[in-house]
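Engineer: All I have is the shape, not the residue letters:
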């Protein structure tokens, strides 16, 4: 078995400390990712409303690109953590190696497909003639680094699943610092504009993949990535895909929902597109650390589930819930109170600022429920409950949001656009609460019955 220098013991009896040791670096890592988006937006915002609108309109494409990585990563992390809990180290290594072998060709295929259809996508998004050339410049450059981004996403899930969340955090930190340094150089000094921001991101992705290659070649983890461990059998791929599919669909719907949001905003002018883009970015900045906290904790839930230690799973779940809800409620309150000063970081246009402040406030009214949604989705993924995970994860930006954003702006104009996000957030939170109480009741019953009941509980 490989060296264990860097691991955190996933069977540590001090659950609260264990979860914090895993979750804080993971949350910090995704917070750094959010900060990277913030820094990019601030530098690009100085180029004008059209520039920030162009980069904002590329956000749904980036989310769509991440969908495959999130799906492969979530499925792989769930399998790895449960295999490690059951002591199946070779199976965990096979899952990781197979996931990376699938990610590379998927990345190349998606890159080619999107490069051929970029202009049509931006037309669908409602890009105006002043925004279109800037959006094409930025998106085309970003796409050339997509395969690297996909591999980095999957690598991050693998490393976090075996308990090495600190390495994932430092990798993201390195990429962020490099991106922040290169942004002003490429955008202003070399006068590359929005293309310079995309190039800075591309270079940071190259740095991140280099660190992950070093991690796996130097055997820093318990999971070994080897060509000989790649197993492309239908059963293994189905196992990874079944758990990861809801995450992929969630990200695809997230991209579609943002596209529809921008499409609805486009009828109200460039300033409205820029304002909605700012609000969506701030919403994303709040969501990423909470998602990261859940990602870091998934290893504990999956490990306990694989070991059939339901008391440990129940205790870990309740602690994780309290943390995610605290974070989401605190962020929601902070944005509602300080929306004005935050928005002015992104734009000096009075009209954009006015629209963006009201948009931010409405978008964050029920964001406190996002912590519940994230926790429930993570818990279900850890248990391998793919179908129920889909019901929860697809609500917020899928079957609740899409009908609302298509209908409400037609009836109530821009206020209808704002209401669509708030109502979807509230409805998704209610669904997550119902599922959560049901799962807690199932765990309670599992504690009172023999381990054989796990088959019934896992569905």
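Structural biologist: Structure's in. What do you need? Just so you know, these numbers come straight off a predicted model, no measurement behind them. Residues are numbered from 1 along each chain as shown.
Engineer: low-scoring stretches of this protein, by residue?
Structural biologist: Applying pLDDT under 70 to the chain flags the ranges 1-10, 29-30, 33-34, 37, 220, 450-459.
Engineer: how close does residue 275 get to residue 49?
Structural biologist: Per C-beta to C-beta, to the nearest Å, residue 275 is found 9 Å from residue 49. C-beta coordinates here come from the backbone N, C-alpha and C atoms, glycine included.
Engineer: what about residue 170, how many residues close to it?
Structural biologist: 15 (other C-beta atoms under 10 Å).
Engineer: and it, what does it touch?
Structural biologist: When contacts are counted by C-beta atoms under 8 Å, 6 or more residues apart in numbering, residue 170 touches residue 211.
Engineer: just checking, next helix/strand downstream of the helix or strand harbouring it?
Structural biologist: Taking DSSP states H and E as the definition, residue 170 sits inside helix 165-184. Counting by DSSP H and E, the next helix or strand C-terminal to helix 165-184 is helix 194-217.
Engineer: Buried residues in that following helix, which are they?
Structural biologist: Buried positions in helix 194-217, judged by neighbour count with 16 or more other C-beta atoms under 10 Å: 194-202, 204-205, 207-209, 211-212, 215-216.
Engineer: ok, now stretch 36-43?
Structural biologist: Within stretch 36-43, judged by 16+ other C-beta under 10 Å, the buried ones are 36, 37, 38, 39, 40, 41, 43.
Engineer: can you tell me which of the residues you listed lies nearest to residue 351?
Structural biologist: residue 41 (17.8 Å; C-beta to C-beta).
Engineer: Check the offset of the host helix or strand of that closest one from the chain's centre.
Structural biologist: For residue 41, the element it lies in under DSSP H and E is helix 15-45. Between the centre of helix 15-45 and the centre of its chain there are 11 Å (C-alpha atoms, centre = their mean, to the nearest Å).
Engineer: quick check: angle from it to helix 165-184?
Structural biologist: 10 degrees (axes from the mean of the first three to the mean of the last three C-alpha atoms, to 10 degrees).
Engineer: returning to that earlier point: spell out which residues are contacts of both of residue 275 and residue 49.
Structural biologist: 347, 352.
Engineer: From residue 214, how far off is the closest residue in space to residue 95 that isn't next to it in sequence?
Structural biologist: Among residues not flanking residue 95 along the chain, residue 79 sits closest, at 4.5 Å (C-beta to C-beta, 6 or more residues apart in numbering). Using C-beta to C-beta, residue 79 is found at 24 Å from residue 214.
Engineer: Strands along the chain, start to end?
Structural biologist: Read by DSSP state E, the chain holds no strands at all.
Engineer: quick one on the thing from earlier: flag every buried residue along the helix holding residue 170.
Structural biologist: Going by neighbour count (16+ other C-beta under 10 Å), the buried part of helix 165-184 is 165-169, 171-176, 178-180, 182-184.
Engineer: Please, where are all the helices along the stretch 301-450 of the chain?
Structural biologist: The residue ranges that make up the helices of the stretch 301-450 of the chain, judged by DSSP state H, counting those that start in this stretch, are 310-343, 350-363, 370-383, 386-393, 401-412, 414-447.
Engineer: Let me know which of the ones you listed is the nearest to residue 155.
Structural biologist: Per C-beta to C-beta, nearest to residue 155 of the helices of the stretch 301-450 of the chain: helix 370-383, 18.2 Å.
Engineer: what helices or strands is the closest one leaning on?
Structural biologist: helix 49-85, helix 234-266, helix 270-306, helix 310-343, helix 386-393, helix 414-447 (3 or more C-beta pairs under 8 Å, 6 or more residues apart in numbering; DSSP states H and E).
Engineer: and those helices as JSON lines, adding mean neighbour count?
Structural biologist: Converted to JSON lines, these look like this (neighbours: other C-beta atoms under 10 Å):
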{"stretch": "helix 49-85", "mean neighbour count": "26"}
{"stretch": "helix 234-266", "mean neighbour count": "20"}
{"stretch": "helix 270-306", "mean neighbour count": "26"}
{"stretch": "helix 310-343", "mean neighbour count": "18"}
{"stretch": "helix 386-393", "mean neighbour count": "21"}
{"stretch": "helix 414-447", "mean neighbour count": "18"}
